[in-house]
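> What follows is a predicted protein model with its sequence.
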Amino acid sequence: MSNNYDVIVIGGGPAGYVAAIRAAQLGLKTACVEKWVNKQGKLALGGTCLNVGCIPSKALLESSEKFVDLLEHGELHGVIAKSVKVDVPKMIKRKDEIVKQLTGGIEQLFKANNVDWLQGHGKLLPDCKVEVSGDDTVIHTAKNVIIATGSTPIEIPSAPLQGDIVVDSSGALDWESVPKKLGVIGAGVIGLELGSVWRRLGSEVVVLEAQDTFLPMVDQQVAKDAQRTLKKQGLDIKLGARLTATKVTKKSVTLDYQDKDGDQQVTVDRLIVAVGRRPVTDNLFAPETELLLDERGFVHVNNACETNVPGVYAIGDVVRGPMLAHKGSEEGVAVAERIAGHHAHVNYDAIPSVVYTHPEISWVGKSEEELKASGDNYKAGVFPFVASGRAKAMEDTSGLIKVLADADTDRILGVHMVGAATSELIGQAVMAMEFEGTTEDIAHTVFAHPTLSEALHEAALGADGRAIHIANKKRR
Ligand code: FAD
Ligand code: AMP
């Protein structure tokens, strides 16, 4: 293996492995440094997303949703399943198998694209050199280095992790039995998704969230709708409840928390700590490189993902912006293309976000609260799924789609959804925004009937008071 590369990527998650593959596709001699050891004790590519993040969580969300759907809605559809049971170890095994296939797939893609996998810990040295410490320590040289070392769960002193009783998001993906009573700290994306998995499988779930607002980054009409539905499902979400201490015994965890009424206590069998993630920069660079971090510990970059060190870029969770796999991948592609001399950019205004609960909460662009705060002259169209024929046929009518557009130019500024399959529907809104579309563009688009996507059409029509399947307040 040569020690000289055009590009060395440190980190093989969705930001880093995508950057490496794109760089290699463009004819650059590329290596990727990765040290992840999976639960089978083997080195693996794919980072958080494939090993303990997006993919395994979605595998368990899918399995648990199948169970609860059959259990709770089977009879309604005339499907009588005599005894619906859960085999948790089998669910976990299926999840592990998917992870194995997908991480192995990245290894194959590296081979097919001639990306060298340098196994070990990567450290940036001056002059674009990278020290890789694995079985031995080797110094490699590159024309460009891309840092993609990702993020890791934040630990808080009030809830130190303990065995399989107090766990972070990774631990909560491996329980082989259902806790009778489960506590979740943090009603963010990860807390809600993992709380949902175990609620569906039978846990009584209490979620403590320090902030008073539910999902403050989401349009509040959508967030409130989602909160109501999740509550109906039995997720006991306590807002304005800050965890202050935990006491762990062999079998239970007592949570001390404070809310507006003072000191409170609740006892659970197991606890998931999901209070956010921090960037990974541990032993990442020699001080002589003078790589700058920002005040929150992220690698400092400009809009083009350039760090302050010439030839060194940083992408994904280790830099500012939403901690999302697709955001990191897009940055990876753009950086690889720029290194190869192409023009490339990431449209940070059109990055979708999804909470994969049921109903799914999906959004892109500005919320109504943000538009109000910035004084924008906007218009809004809302369409509830209860008026959708397809949603009725599915017996899945909760939620709505909201389209926000500039009142003068009609350009779409944000789309917010809560409902079944909105993680798929949001792509249509992202595309419309990427093409700088207007509500008129969506109005002119023909959507298949009956589909959930018709609700996007109707919400866009609704922005001008001309939705068909709902009584309009304003007319045009
Ligand atoms: P990572 O995936 O964290 O990868 C970084 C890699 O760098 C790791 O493999 C690490 O071993 C390696 N590394 C670090 N330091 C070094 C070093 N010095 N030398 C060598 N290697 C190093 N996002 C979504 O978009 N959709 C979802 O549905 C979603 N679900 C999630 C569910 C959970 C439970 C969690 C925890 C996260 C989820 N995320 C989701 C977030 C997503 O996983 C991250 O945004 C994404 O993985 C970030 O990609 P990355 O490549 O920047 O970093
Ligand atoms: P996210 O960053 O989206 O994963 O969400 C993490 C959530 O955890 C945030 O909404 C925080 O407000 C919440 N959080 C952080 N610390 C605590 C705490 N001690 N008690 C309750 N909630 C917390």
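Everything's here; your move. Ligands and ions are numbered 1, 2, ... in the order given.
> Any chance of the backbone angles for residue 224?
Per-residue torsions, residue 224: phi -70, psi -40 (degrees, to the nearest 10).
> now do the one 3 residues further on
Listed backbone geometry of residue 227 is phi -60, psi -40, with angles given as degrees, to the nearest 10.
> From residue 373, how far out is it?
According to Cβ to Cβ, to the nearest Å, residue 227 stands 21 Å off from residue 373. Yep, even glycine has a C-beta here, placed from its N, CA and C like the rest.
> The nearest residue to residue 168 once chain neighbours are set aside - how many residues pack around it?
Nearest residue to residue 168, sequence neighbours excluded (Cβ to Cβ, 6 or more residues apart in numbering): residue 153, at 4.0 Å. Look at residue 153: counted by other Cβ atoms under 10 Å, it has 20 neighbours.
> how about the residues of this structure that lie near ligand 2?
Within the chain, the positions adjacent to ligand 2 are 156, 158, 185-190, 208-211, 242-243, 274-276 by Cβ under 6 Å from any ligand atom.
> let's go with 8 Å and repeat that
154, 156, 158-159, 185-191, 208-211, 216-217, 241-244, 257, 274-277, 323 (Cβ under 8 Å from any ligand atom).
> remind me which residues of this structure are low pLDDT?
Applying pLDDT under 70 to the chain picks out residues 1-2, 472-476.
> Which elements pack onto the helix or strand harbouring residue 456?
Secondary structure from DSSP states H and E places residue 456 in helix 454-462. Packed against helix 454-462 by the contact rule (3 or more Cβ pairs under 8 Å, 6 or more residues apart in numbering; DSSP states H and E) you find strand 378-384, helix 389-394, strand 400-406, strand 412-419, helix 422-434, helix 439-444.
> more crowded one of residue 227 and residue 373?
Neighbour count, other Cβ under 10 Å: between residue 227 and residue 373, residue 227 has more, with 22 against 10.
> Return the residues in contact with that one.
Neighbouring residues of residue 227 by Cβ atoms under 8 Å, 6 or more residues apart in numbering: 214, 215, 237.
> And the residues you listed, which is closest to ligand 2?
Nearest to ligand 2 among the contacts of residue 227: residue 215, at 8.4 Å, using Cβ to the nearest ligand atom.
> Spatially nearest residue to that closest one (excluding sequence neighbours)?
Nearest to residue 215 is residue 223, by Cβ to Cβ, 6+ apart, at 4.3 Å.
> For that neighbour, give me phi and psi.
phi -60, psi -40.
> quick revisit: which stretch among the helices and strands packed on helix 454-462 comes nearest residue 45?
Nearest to residue 45 among the helices and strands packed on helix 454-462 is helix 422-434; the distance by Cβ to Cβ comes to 24.4 Å.
> For the nearest residue to residue 457 once chain neighbours are set aside, give me its contacts.
In this structure, residue 457 finds its nearest non-sequential neighbour in residue 447, 4.8 Å apart by Cβ to Cβ, 6+ apart. Residue 447 makes contacts with 453, 454, 456, 457, as judged by Cβ under 8 Å, 6+ apart.
> quick check: angle from the helix holding residue 456 to helix 422-434?
Per axes from the mean of the first three to the mean of the last three Cα atoms, to 10 degrees, the angle that helix 454-462 makes with helix 422-434 is 40 degrees.
> Please work out which residues outside helix 454-462 touch it.
Residues outside helix 454-462 that contact it (Cβ under 8 Å, 6+ apart): 380-385, 387-391, 400-403, 405, 412, 415, 417, 419, 425, 428-429, 439, 442-443, 445, 447-448, 467-470, 472.
> mind listing what's buried in that helix?
454, 455, 456, 457, 458, 459, 460, 461, 462 (16 or more other Cβ atoms under 10 Å).
> give the contact list for residue 149.
Contact partners of residue 149, counting by Cβ under 8 Å, 6+ apart, are 10, 11, 16, 122, 279, 280, 281, 284, 318.
> Could you give me the ChimeraX syntax to select whichever of the contacts of helix 454-462 are buried?
Filtering the contacts of helix 454-462 down to the buried ones (16+ other Cβ under 10 Å) takes a single ChimeraX command:
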select :380,381,382,383,384,385,387,388,390,391,400,401,402,403,405,412,415,417,419,425,428,429,439,442,443,467,470
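> near ligand 1, from the contacts of helix 454-462?
Near ligand 1, judged by Cβ under 8 Å from any ligand atom, there are no entries from these.
> Report the closest residue of the stretch 201-350 of the chain relative to ligand 1.
Counting by Cβ to the nearest ligand atom, the stretch 201-350 of the chain gets nearest to ligand 1 through residue 316 (2.2 Å).
> Tell me, how many residues neighbour residue 450?
Look at residue 450: counted by other Cβ under 10 Å, it has 14 neighbours.
> measure it to ligand 2 for me?
Distance of residue 450 to ligand 2, computed by Cβ to the nearest ligand atom, to the nearest Å: 35 Å.
> wait, what's in contact with the most centrally placed residue in the chain?
Residue closest to the average C-alpha location in the chain (Cα atoms, centre = their mean): residue 324, at 4.8 Å. Contact analysis of residue 324 by Cβ under 8 Å, 6+ apart lists 351, 353.
> And residue 116, by the same measure?
For residue 116, counting by Cβ under 8 Å, 6+ apart, the contacting residues are 1, 5, 30, 31, 32, 110.
> ok, residue 56 touching residue 99?
Yes - if you go by Cβ atoms under 8 Å, residue 56 and residue 99 touch, sitting 5.5 Å apart.
> Quick check on the closest residue to residue 152 other than its chain neighbours: phi, psi?
The shortest distance from residue 152 to any non-neighbouring residue, by Cβ to Cβ, 6+ apart, is to residue 280 (5.4 Å). Note on residue 280: backbone dihedrals following degrees, to the nearest 10 are phi -100, psi 110.
> Show me the longest helix that occurs in the chain.
Counting residues, the longest helix in the chain under DSSP state H turns out to be helix 88-112.
> does any bit of that one sit next to ligand 1?
No - no part of helix 88-112 sits close enough to ligand 1 to count as contact by Cβ under 8 Å from any ligand atom; the gap is at least 9.9 Å.
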